[in-house]
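Visitor: compute the structure for the input listed below.
(chains A, B, C and D)
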There are 2 protein chains.
Amino acid sequence: MSANSRLTIAAHALAWIGLYQRQGHEVATSEQIATSANTNPVVIRRLLGELRRAGLVESRRGVGAGWSLARELESMTLLDVYEAVEPGPLFAMHRTTPDQGCVVGHGIQPAMQGIYEGIEETLRRELARVTLEDVLRDVLAAPR
Amino acid sequence: MSANSRLTIAAHALAWIGLYQRQGHEVATSEQIATSANTNPVVIRRLLGELRRAGLVESRRGVGAGWSLARELESMTLLDVYEAVEPGPLFAMHRTTPDQGCVVGHGIQPAMQGIYEGIEETLRRELARVTLEDVLRDVLAAPR
DNA sequence: ACTGTTGCAACCTTCACTGTTACGACTGTG
DNA sequence: CACAGTCGTAACAGTGAAGGTTGCAACAGT
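Guide: Numbers count the residues shown, from 1 in each chain, chains lettered A, B, ... in the order given. Below is the predicted model:
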């Protein structure tokens, strides 16, 4: 499907900020998070910007600037993150309109639309069952 | 997610072949299916080739060549099609290894791996609940 | 005024998907 | 046996998303 890592990196960033704050720090910088995720700070800022628009994090500018959680990790689910960073649908329709003169060409899109909606709804329910607190717990439970 | 239309087109092709065969025809050509799906015959042949490898369709060459179903539509699910045309996982990990010296960088991949596996399993169950017979029925039920 | 960080634009590279052309391989028909 | 129609597949181009990188203005505390 040509999967991307946006949800993974976003969860990484949130878990990092959450843990950092529990260690007594006020804000985390995109530079620190990027080092942990082994990527570029701008990539982190772009993702966190989308999470800010969704109300999951806040940012401060100026000296002592950085990122902090807008809510507790317990109240954030992977669905919140998914919706913030993945706007489009999971499955795409035809790139060009199928032949409307053909029975199948005419009926296929409404048919698949209905099926896909049900499947995506199930995916969302599943994503909503996992909180970022769960993620952080699993992260800390990793061996070694 | 940069979704693609492979599952949609594959379902379209299978429904088309199935309906065509019920109308008394032996085999369908990639040309006919491509016309219905409004795409190029080679695109259809590539997709059907993957479905053939998965044992869902058969092809004949030579004069009177074309494609036919290898099984009844009732016995084919969207999961069969999905697995035939979408090899990779739904969500990707980091493109580069995260900082293993960081607690989060070290634990994030196993954590997300476990979470993603559960979610993909749910997705598969959902795809397995829809047969291609269901798809064809919905196609034929479209208004007008 | 200085400093460190965000916000954001601009650009590049990579990669998957899709579309297209071309042609050899195959097989039933005349 | 030649022909015709279709598959099988390689090769290449176009498109678009994702990710990486650089650069710089804006901001705010010291």
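
Visitor: how about stretch A:116-129: buried residues?
Guide: A:Y116, A:I119, A:T122, A:L123, A:E126, A:L127 (16 or more other C-beta atoms under 10 Å in any protein chain shown). C-betas here are computed from N, CA, C, even on glycine.

Visitor: give me phi/psi at the first one?
Guide: Summarising the backbone geometry of A:Y116 under the convention degrees, to the nearest 10, its torsions are phi -60, psi -40.

Visitor: how far away is A:T131 from A:G88?
Guide: For A:T131, the distance to A:G88 under the criterion C-beta to C-beta, to the nearest Å works out to 24 Å.

Visitor: more neighbours: which of those two?
Guide: For A:T131 versus A:G88, the count of surrounding residues by other C-beta atoms under 10 Å in any protein chain shown is larger for A:T131: 18 against 9.

Visitor: so what's that one bridging to?
Guide: A:T77 (DSSP bridges).

Visitor: that one and A:N38, how far apart?
Guide: Distance from A:T131 to A:N38, by C-beta to C-beta: 25 Å.

Visitor: ok, A:P87 next?
Guide: The spacing between A:P87 and A:N38, counted by C-beta to C-beta, is 26 Å.

Visitor: when these two are compared, which one has more neighbours?
Guide: A:N38 (16 against 9).

Visitor: and the more buried one, what is it in contact with?
Guide: Listed by C-beta atoms under 8 Å, 6 or more residues apart in numbering or on different chains, the contact partners of A:N38 are B:H94, B:T96, B:T97, B:P98, B:D99, B:G105.

Visitor: sec struct for the fifth one, please.
Guide: For B:D99, the secondary-structure state derived from DSSP: H, G, I helix; E, B strand; the rest coil is coil.

Visitor: leaving out the residues flanking it, which one is nearest to it?
Guide: Computed as C-beta to C-beta, 6 or more residues apart in numbering or on different chains, the closest residue to B:D99 that is not its neighbour in sequence is B:G105, at 3.8 Å.

Visitor: state the pLDDT value of the residue sitting furthest away from the middle of chain A.
Guide: Computed with C-alpha atoms, centre = their mean, the maximum C-alpha offset from the centroid of chain A is found at A:G101, amounting to 40.6 Å. Per-residue confidence (pLDDT) for A:G101: 97.

Visitor: separation between it and A:A11?
Guide: Taking C-beta to C-beta, one finds A:G101 at 47 Å from A:A11.

Visitor: ok, for A:T122, nearest residue in space, not its chain neighbours?
Guide: B:E126 (4.8 Å).

Visitor: that neighbour against A:G118, yeah?
Guide: Yes - at 7.3 Å, B:E126 and A:G118 qualify as touching, with contact defined as C-beta atoms under 8 Å.

Visitor: JSON lines for the buried residues of stretch A:116-129, including secondary structure, pLDDT and distance to DNA strand D?
Guide: What follows is the buried residues of stretch A:116-129, written out as JSON lines (DSSP: H, G, I helix; E, B strand; the rest coil; pLDDT from 0 to 100; distance: C-beta to the nearest atom of the strand, whole Å):
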{"residue": "A:Y116", "secondary structure": "helix", "pLDDT": "98", "distance to DNA strand D": "17"}
{"residue": "A:I119", "secondary structure": "helix", "pLDDT": "98", "distance to DNA strand D": "19"}
{"residue": "A:T122", "secondary structure": "helix", "pLDDT": "98", "distance to DNA strand D": "21"}
{"residue": "A:L123", "secondary structure": "helix", "pLDDT": "98", "distance to DNA strand D": "16"}
{"residue": "A:E126", "secondary structure": "helix", "pLDDT": "98", "distance to DNA strand D": "20"}
{"residue": "A:L127", "secondary structure": "helix", "pLDDT": "98", "distance to DNA strand D": "16"}
